[in-house]
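>>> Sequence and predicted structure, then a few things I'm wondering about:
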Amino acid sequence: MAKRTPSSEVPAPTAGRSRDIGIDLGTANTLVYARGHGVVLDEPSVVAIDSRSGKVLAVGAEARDAVGRTPGSITATRPLKGGVITDFEATEGMLRHFIRAARGGKGPGRGRAPRVVVCVPSGVTGVERRAVLQTAARAGARSVRLIEEPMAAAIGAGLPVHEARGSMVVDIGGGSTEIAIISLGGMVATRSARVAGDALDAAIAAYVEREFAIAVGERTAEEIKMSLGGDEPVRVRGRDKHTGMPKVVELTEEEILEAVEKPLQAIVDAVRGAFDDCPPELYGDVMERGIVLTGGGALLHGLDERLVKETGMPVVVADEPLGCVALGTGRCLEEYDKLDAIFAA
C-alpha cells in the first residue's frame, strides 16, 4: 500500500475576503475554492443546452444525470476535452453558474465581481490560454489569472515548492496527465500528456465492444475502471450489438487490466520522459522524496506499484488527491498579491 502525504490545510473563513475564487477547471469535474472558505463546490463538468435557443438548462450533476436521457432538442455535453476548452459558449455558461454558486447565488450587478484564478494544463498553447482568460472574464470575473495544474497540485499536496530541493508531482485528471519536477518555486521539467482517466474509460468501452459485442456508455466504463482491485468479477450490462437485446457478461480483473494497458503505458512513458530534462541534483532529490500522485487517476488500483516498478522511484499518493489542485489554487488565492512568480504568463 502506498504511503500518503498530508494535504494542505484549508484556511479558516476570513471576513470580507470571499470575493476571490479559484477554479480547478477539469475535463471531468470542476472544483471551486472561495477565498477564506475552502472548497465550496465540486460538480461534474457537464452542461445541458437547448439546441434550439442555445440556452443553458442545467449544469453539473443535474446535467450529468441527463446524459443519454435527453430529448433531441437538448444536448448534454462536456465542454472540455484533454483539459482544454472545446465549446466556449457552454464553458462560459458553466463558469457563470459555478461563480454565482460560489458567491452564494449573487448574479451580475450584485456585489463586486470576483478576482478568479483558473488552473490550466502545463502544455496549453497561447491560444488556449487566451480562450480560458476570455471565457472566465465573460462569465463574470473582474480579473483572471492562470496557474499551471502541476504547480497547483504540488502546493495542494503540501510539497515544499519554494525550497531548493526537487519535488515531483504527477496529476492524473480526466483529460490530461500533468507531470512536473519543481524547485525554487518554478517547474524545472514538465510533461503534459493528453491521456488520463477518460482515455482509460474509452479503452474499456472499446474492449467490451470488441470482445463481447456490447455497447456501454461512459459511466458504465468508469464504474468498471473503479472496480479494479475487487475480489469478484464485474457484471456488465449493455446492449448486444448483433441482436439489439440486453446482455450481461462478467469481466475479470485480468481482462480489465488488458483493456487499459495501452493508455496506462502511455501515462507511465510520460512520467519516465519527464526525467529526460531533470538535472542530476534534482533527480537525487526525487529518488529520496518520491513521486507524489494527485488527481482522480491516483486512486487507480495498482498504479502506484506499476510506477515504482517502471521508474525505480518511490511513489506516494497525496492524502486528498481529488482536491489537491483546488486546494493549491486556494493557497495561491490567500496570497494573491504576493505570489506573482507562480502564476502562468
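Everything's here; your move. Numbers count the residues shown, from 1 in each chain.

>>> where exactly do the helices run in the stretch 201-345 of the chain?
Ranges of helices in the stretch 201-345 of the chain, per DSSP state H, counting those that start in this stretch, are 218-226, 253-274, 280-289, 303-311, 324-334.

>>> can you put these in CSV and add mean neighbour count?
C-beta coordinates here come from the backbone N, C-alpha and C atoms, glycine included. What follows is those, written out as CSV (neighbours: other C-beta atoms under 10 Å):
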stretch, mean neighbour count
helix 218-226, 18
helix 253-274, 18
helix 280-289, 15
helix 303-311, 17
helix 324-334, 27
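
>>> In TSV: those, plus distance to F98 and mean pLDDT.
Listed next are the helices of the stretch 201-345 of the chain as TSV, based on distance: least, C-beta to C-beta, whole Å; pLDDT from 0 to 100:
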stretch	distance to F98	mean pLDDT
helix 218-226	21	92
helix 253-274	28	95
helix 280-289	35	90
helix 303-311	29	95
helix 324-334	12	89
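
>>> Distance to D24 added to the ones you listed, as TSV?
Putting the helices of the stretch 201-345 of the chain into TSV (distance: least, C-beta to C-beta, whole Å) gives the following:
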stretch	distance to D24
helix 218-226	19
helix 253-274	20
helix 280-289	24
helix 303-311	21
helix 324-334	4
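
>>> quick one: G26 and L80 touch, right?
Yes: using C-beta atoms under 8 Å, G26 makes contact with L80 at a distance of 7.3 Å.

>>> what do the two both touch?
With C-beta atoms under 8 Å, 6 or more residues apart in numbering applied, the overlap between the contact sets of G26 and L80 consists of S45, G175.

>>> and V161, which of the helices of the stretch 201-345 of the chain is closest to it?
Closest approach to V161 among these (C-beta to C-beta): helix 324-334, 9.1 Å.

>>> helices and strands around the closest one, which ones?
For helix 324-334, the helices and strands in contact under the criterion 3 or more C-beta pairs under 8 Å, 6 or more residues apart in numbering; DSSP states H and E are strand 21-25, strand 29-34, strand 38-44, strand 115-120, strand 143-148, helix 149-156.

>>> what angle do the longest one and helix 324-334 make?
Relative orientation of helix 149-156 and helix 324-334, computed by axes from the mean of the first three to the mean of the last three C-alpha atoms, to 10 degrees: 80 degrees.

>>> continuing past helix 149-156, what's the next helix or strand?
strand 167-172 (DSSP states H and E).

>>> packing partners for that next one?
Packed next to strand 167-172, using 3+ C-beta pairs under 8 Å, 6+ apart, are helix 149-156, strand 177-183, helix 253-274, helix 280-289, strand 291-294.

>>> Make TSV out of these and add distance to V84.
Shown next, in TSV, are those (distance: least, C-beta to C-beta, whole Å):
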stretch	distance to V84
helix 149-156	11
strand 177-183	12
helix 253-274	17
helix 280-289	28
strand 291-294	19
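
>>> Could you work out which of these reaches nearest to E62?
helix 149-156 (26.2 Å).

>>> what about that closest one, distance to the chain center?
For helix 149-156, the distance from its own C-alpha centre to the chain's C-alpha centre is 11 Å (C-alpha atoms, centre = their mean, to the nearest Å).

>>> Next: stretch 139-148.
18 Å.

>>> What are the buried residues along that stretch?
A139, G140, A141, V144, R145, L146, I147, E148 (16 or more other C-beta atoms under 10 Å).

>>> Taking the centroid of the chain, which residue is nearest it?
G173 (3.4 Å; C-alpha atoms, centre = their mean).

>>> Verify the stated contact: it with A199.
No: using C-beta under 8 Å, G173 makes no contact with A199, being 10.9 Å away.

>>> If you rank every helix and strand of this structure by mean pLDDT, what lands last?
In the chain, the helix or strand scored least confidently by mean pLDDT, DSSP states H and E is strand 4-5, which has a mean of 44.
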